[in-house]
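In: need a 3D model of the sequence below.
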Amino acid sequence: MDRARPDRRPRSVLALLTAALLAVPGITTLASAARAADADLARNGGFESGLDGWACTAGTTVGSPVHSGSSALQATPAGSDNAQCAQTVSVLPNSKYTLSGYVRGSYVYLGANGTGTTDVSTWTQSAPDWQKLTTSFTTGAATTKVTVYTHGWYGTGAYYADDISLTGPGASTGQPPAAPTGLKAGTVTSSSVALSWSAVTGATGYAVYRDGAKVQTVTGASATVTGLSPSTAYSFQVTATNDAGESARSAAVTATTTAGTGGGSGGLPGHALVGYLHASFANGSGYTRLADVPDSWDVIDLAFGEPTSVTSGDIRFNRCPVTECPNVESDADFKAAIKAKQAAGKKVLISIGGQNGQVQLTTAAARDTFVSSVSKIIDDYGLDGLDIDFEGHSLSLNANDTDFKNPTTPVIVNLISALKTLKARYGSRFVLTMAPETFFVQNGYQFYGTGKWGGQDPRCGAYLPVIHALRDDLTLLHVQDYNSGPVMGLDNQYHSMGGADFHIAMTDMLLTGFPVAGDPNNVFPPLRPDQVAIGMPASTNAGNGYVSPSEVTKTLDCLTKRTNCGSYATHGTWPSLRGLMTWSVNWDRYSNWEFQKNFDAYFG
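Out: Predicted structure coming up:
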């Protein structure tokens, strides 16, 4: 470790030197002028606005202990992560700056990188109470930005930081950009309006206003505003932004949403609990009769309908045999239980696919067989709709299929066609849900198909064209936030399973939208919050990525109230987030209904 050496000069010597300097004519005036030009350039250094302005790998804000105000930073190193929190600040070249802050804990560091001269840091080995750390640096001849940071040390427990300041001459931020021109409305649906405008010189971003309220920020000269009501007129304006501030608003444009095609809530409550029921197998959790599923479950997905072969499109639903499920109910009792659930306002769906049910609709014949065979299952059991749980190699993109808005791969095109046919056949009350894995959705932020130069997994982001084509027909999307590798979020940091941050980051991507494969001109528009539920394992037995009820609560608090958030800063607050999905009802019963009880306690 690089241990800083304290200044050991006697205080009386320092006082004499200071007095001597100030006795020289002009020195007093110069020192006062320099101090007058200085300012605290650190944003939210007291963490009173949460982590606003800070990028943290493992940080949160707490109300105690604090050095001043009502909040402070708490960050916990773990594994190979030293829990760094950092922010980049605009500075002037050839200028002196002083960095200071108050810290508590073992091995706490405070420093600055990118100074253009010598990067600096200071640290304390042990601070049982608040201790001030201070260091200084002079910027290089071409330096206009520096990054200040605080971090702990590996495996030494949580540290705290508060009142971080960077004092020195403020950098000129120039002028805000001009107001955008050329605002116009493009594609209009029952719930969204696509907007575009002329790019503004010097702008680093744009803000979109709907009926006078800011609803979205983007980096490019286009945006799609979602979450709108059918047959409703809306007024839109945009502004341009840069480091100096925000422009005046553009001229307004008005657009009226269409009447819609019935892709609404499907009769669901405002907040819904969705669970998969092992209907065709027992698994280690044991068989649960449909009639024994508690009333808390609003959507019950019967798992699974599977094809007779991968490419046949012929889906069959075979209920669990008595040899595997000794307590299985009769077909008559099963159908009676479906009717009883529906009478109580619940939705019962057939889920197609799962881990073993690979479905590839490679031909028009397979597509038509899929529609007819799924319709037969729905009609035979009197079901409310369909859940698509295609996994493995069911969906992948051909090498030349690069635009999620206009797919050409047969398995994608045929699936979209089949689902639209089923939706049209059963009408507006038909419940359509999807349960893709993160690899097929959020991973599309970095990669889409084989990529521009080939070599990528063709399954990357392969669900995006299906979701996009059916967004006005889709009742619920509940991505499986489990059995997943690390995924890059909109903060361009990788997020891993095991805590609230993963669910917050993955869900924020769906509700904010994201450029596909990093292309700002090819943005996947956000979904309505009432279309989104978060998929989680019910217990440690159910799958990798289990989180405790307290982490589930943190996730919901952050997304619906913007409180109790961790290191990931969301791009909005969504109180109408639909709810939670879990694998599975059976595993939750096995764990004494922990998942269900936590949902009930949170949403009442």
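
In: ok but Ala366 is inside a helix, no?
Out: Yes. Under DSSP: H, G, I helix; E, B strand; the rest coil, Ala366 falls within a helix.

In: what is the neighbour count of Leu527?
Out: 22 (other Cβ atoms under 10 Å). Placement of C-beta: from N, CA and C, glycine included.

In: quick one: it from Thr156, how far?
Out: The gap separating Leu527 from Thr156 is 41 Å, by Cβ to Cβ, to the nearest Å.

In: what's the answer for Leu166, then?
Out: 25 Å.

In: host element of Ala39?
Out: strand 38-40 (DSSP states H and E).

In: nope, Asn598 is what I was after
Out: Asn598 belongs to helix 594-603, assigned by DSSP H and E.

In: show the average pLDDT along that helix.
Out: For helix 594-603, mean pLDDT rounds to 96.

In: which one of Leu166 and Thr156 has more residues nearby?
Out: Leu166 (23 against 17).

In: you'd agree that one is up against Ala42?
Out: Yes. Shown here, Leu166 and Ala42 form a contact pair, counting by Cβ atoms under 8 Å, at 4.6 Å.

In: now the common contact residues for the two.
Out: 89, 148 (Cβ atoms under 8 Å, 6 or more residues apart in numbering).

In: beta-bridge partners for the nearest residue to Gly186 once chain neighbours are set aside, please?
Out: In space, and not counting its chain neighbours, Gly186 is closest to Ala194: 3.9 Å by Cβ to Cβ, 6 or more residues apart in numbering. On the basis of DSSP bridges, Ala194 takes part in beta bridges with Thr224.

In: tell me the contacts of Ala194?
Out: Ala194 neighbours (Cβ under 8 Å, 6+ apart): 185-188, 222-224, 525.

In: and for Lys423, the neighbour number?
Out: Neighbours of Lys423 using other Cβ under 10 Å come to 23.

In: and Gly545, by the same measure?
Out: Neighbours around Gly545, by other Cβ under 10 Å: 21.

In: now Phe370
Out: Applying other Cβ under 10 Å, I find that Phe370 has 25 neighbouring residues.

In: and it, that one's in a strand?
Out: No. Secondary structure of Phe370 (three-state DSSP): helix, not part of a strand.

In: tell me which element Gln360 falls in.
Out: Judged by DSSP H and E, Gln360 forms part of no helix or strand.

In: that one touches Val411, doesn't it?
Out: Yes. With contact defined as Cβ under 8 Å, Gln360 reaches Val411; the gap is 5.1 Å.

In: anything in contact with each of the two?
Out: Ser394.

In: which one's more surrounded, these two?
Out: The neighbour comparison of Gln360 against Val411 (other Cβ under 10 Å) goes to Val411, with 25 against 22.

In: what helix or strand is that one on?
Out: helix 410-426.

In: chain center to that helix, what's the gap?
Out: 28 Å (Cα atoms, centre = their mean, to the nearest Å).

In: next structured bit after that helix?
Out: Counting by DSSP H and E, what follows helix 410-426 is strand 431-434.

In: could you dump that next one to CSV, C-alpha only?
Out: Coordinates of each C-alpha in strand 431-434 appear next as CSV, following Å, rounded to 0.1, in the frame of the first residue of the first chain:
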residue,chain,number,x,y,z
VAL,A,431,-53.9,-12.5,-22.1
LEU,A,432,-50.5,-12.7,-23.8
THR,A,433,-47.3,-12.9,-21.7
MET,A,434,-43.7,-13.6,-22.4
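
In: now do the buried residues in the helix or strand just after that strand.
Out: Scanning forward in sequence from strand 431-434 by DSSP H and E, the next helix or strand is helix 464-469. Across helix 464-469, burial judged by 16 or more other Cβ atoms under 10 Å covers 464-469.

In: and stretch 507-520, by the same measure?
Out: Buried-residue list, stretch 507-520, by 16+ other Cβ under 10 Å: 507-517.

In: turn those residues into JSON lines, columns for secondary structure.
Out: Formatted as JSON lines, those follow (three-state DSSP):
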{"residue": "Thr507", "secondary structure": "helix"}
{"residue": "Asp508", "secondary structure": "helix"}
{"residue": "Met509", "secondary structure": "helix"}
{"residue": "Leu510", "secondary structure": "helix"}
{"residue": "Leu511", "secondary structure": "helix"}
{"residue": "Thr512", "secondary structure": "helix"}
{"residue": "Gly513", "secondary structure": "coil"}
{"residue": "Phe514", "secondary structure": "strand"}
{"residue": "Pro515", "secondary structure": "strand"}
{"residue": "Val516", "secondary structure": "helix"}
{"residue": "Ala517", "secondary structure": "helix"}
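
In: could you dump these to JSON lines with distance to Asp38 and pLDDT?
Out: As requested, the buried residues of stretch 507-520 are exported to JSON lines (distance: Cβ to Cβ, whole Å; pLDDT from 0 to 100):
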{"residue": "Thr507", "distance to Asp38": "42", "pLDDT": "97"}
{"residue": "Asp508", "distance to Asp38": "37", "pLDDT": "96"}
{"residue": "Met509", "distance to Asp38": "40", "pLDDT": "96"}
{"residue": "Leu510", "distance to Asp38": "44", "pLDDT": "96"}
{"residue": "Leu511", "distance to Asp38": "41", "pLDDT": "94"}
{"residue": "Thr512", "distance to Asp38": "38", "pLDDT": "92"}
{"residue": "Gly513", "distance to Asp38": "41", "pLDDT": "93"}
{"residue": "Phe514", "distance to Asp38": "40", "pLDDT": "94"}
{"residue": "Pro515", "distance to Asp38": "40", "pLDDT": "94"}
{"residue": "Val516", "distance to Asp38": "45", "pLDDT": "95"}
{"residue": "Ala517", "distance to Asp38": "45", "pLDDT": "93"}
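
In: out of those residues, who's nearest Gly454?
Out: Proximity of these to Gly454 (Cβ to Cβ) peaks at Ala517, which lies at 13.1 Å.

In: residues contacting that closest one?
Out: Counting by Cβ under 8 Å, 6+ apart, Ala517 has contacts 444-448, 451-452, 461.

In: farthest-separated two in the residues you listed?
Out: Farthest apart among the contacts of Ala517 - using Cβ to Cβ - are Tyr445 and Lys452, which lie 15.4 Å from each other.

In: so Val322: helix, strand or coil?
Out: Strictly by three-state DSSP, Val322 counts as coil.

In: setting aside sequence neighbours, what's the nearest residue to it?
Out: Per Cβ to Cβ, 6+ apart, closest to Val322 is Val328, 5.8 Å.

In: and that neighbour, what pLDDT?
Out: At Val328, the predicted lDDT confidence score is 97.
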